[in-house]
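Asker: kindly return the folded structure for what I paste below:
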Amino acid sequence: MHGTHMEPACDRRTNMNFIRFILLLSLAVLTSCERLPQSTSDISIIQAPDQQQVQIIGYKGNVKEPFITPDGRFILFTDGRTLEHESSILYAQRMDPFSWGYLGELPGANHQSFDGSPSMDHMANIYFSSMREYSSTNATIFTGAIVETGVTSIRSIKTIATAAYGDANLEAEISHDGKTLYYANSTFHKSKGPRSANIACAYLQNGVFRRASNSGTIFANINSSALEYGFALTDNELKIFFTRWDRRIDFKGPKIYMATRTDKDSPFENIAKFEGLGDFVESPAVSTEEHILYYHRREIDEDGNESFRVYATQLP
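Answerer: You can find the predicted model right below:
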């Protein structure tokens, strides 16, 4: 990966998708003091063209949280199984934009607890979410280096860990230059699940990530009382694709949105919603050439069985 070759890893049998369960579990009543989502009159609509299912050749499980590596050679994803099974980071090698050859678990990345939402910078550093030390440090975002044999030197990013046990930073998206870490800052009701999930960022300062004091301004037009999570940025960080789930609107599923800005110090604006991707869609990813949008979609078969698949559509 990133110019290196890694051998396929054997498939792990037990998986638990803890963070995704927390995000999608609750239909909690939102308090009146929370800022409402942007008015629909302020949101433009992008009618997505035809979608094509992405094939992971040699793999039959769930495919969630896709990420295309900066060199375009690999797709990272998670199996996001069920509450009884943890989620693992898997990978596949590109055959064409819609076909990828399965290679197995990403060597060295996974733990007995949840592991998910992988991303990677141009220096072959991986960032991902994990619950492996949450009970002791509250840290949920980790980083490591990708080398010939897999992921090594994994460590948590404690400097942005939440102070209150029960709250968590969900998702992890590193800028391609490795200088800005984007994450979903989430708070929870004690018994009702997530109270909020808003996008924030941290800047690399003297080798350490520090919470950005201007996060509130940068994401002021995106964050709301709905859940905002599952996001991806273009290489220049001037365009963001994100998931929003407003649970008050007829309990419909999450949708994917896009926003833009003129420079990296300015707020995101010009919010647009993608229509036609499906009833329950999350976790967008962008191709290296930035002309294909990948995302996962929940599907229910005629027997009521749930599965997740990755689809792709052309960007405008």
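Asker: element containing the nearest residue to Ser215 once chain neighbours are set aside, please.
Answerer: Nearest residue to Ser215, sequence neighbours excluded (CB to CB, 6 or more residues apart in numbering): Ala200, at 4.2 Å. Using the backbone N, CA and C atoms, a C-beta is placed for each residue, glycine as well. Per DSSP states H and E: Ala200 is located in strand 193-205.
Asker: what does Thr217 give?
Answerer: Per DSSP H and E: helix 215-218 holds Thr217.
Asker: distance from the chain centre to that helix, please.
Answerer: Remark: helix 215-218 is offset 19 Å from the chain centroid, using CA atoms, centre = their mean, to the nearest Å.
Asker: so which bits of it are buried?
Answerer: By 16 or more other CB atoms under 10 Å, the buried positions in helix 215-218 come out as 215, 218.
Asker: could you name the helices and strands sitting against it?
Answerer: Packed against helix 215-218 by the contact rule (3 or more CB pairs under 8 Å, 6 or more residues apart in numbering; DSSP states H and E) you find strand 193-205.
Asker: any idea how far Phe142 is from Pro267?
Answerer: Per CB to CB, to the nearest Å, Phe142 is found 29 Å from Pro267.
Asker: returning to that earlier point: surely the residue nearest to Ser215 touches Ala184?
Answerer: Yes. Judged on CB atoms under 8 Å, Ala200 makes contact with Ala184 at a distance of 7.5 Å.
Asker: more neighbours: those two, which one.
Answerer: Counting neighbours by other CB atoms under 10 Å for Ala200 and for Ala184 shows that Ala184 has the greater number, 28 against 20.
Asker: hang on, that one packs against Cys201?
Answerer: No. With contact defined as CB under 8 Å, Ala184 does not count as touching Cys201 (10.6 Å).
Asker: can you give the contact residues for stretch 149-160?
Answerer: 6-7, 9, 106-109, 126, 130, 133, 137, 139-146, 169, 181, 183, 202, 208-211 (CB atoms under 8 Å, 6 or more residues apart in numbering).
Asker: PyMOL command for the buried members of those?
Answerer: Buried residues among those (16+ other CB under 10 Å), as a PyMOL selection:
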select buried, resi 6+9+106+107+108+109+126+130+133+139+140+141+142+143+144+146+169+181+183+202+209
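Asker: so of the contacts of stretch 149-160, which ones are in helices?
Answerer: Here DSSP state H is the test, and those give Thr137 as lying in helices.
Asker: who are the contact partners of the residue nearest to Ser215?
Answerer: So, once contact is read as CB under 8 Å, 6+ apart, Ala200 ends up touching 182-185, 211-212, 215, 219.
Asker: do Asn236 as well
Answerer: Lys264.
Asker: so it, which of the three states?
Answerer: coil (DSSP: H, G, I helix; E, B strand; the rest coil).
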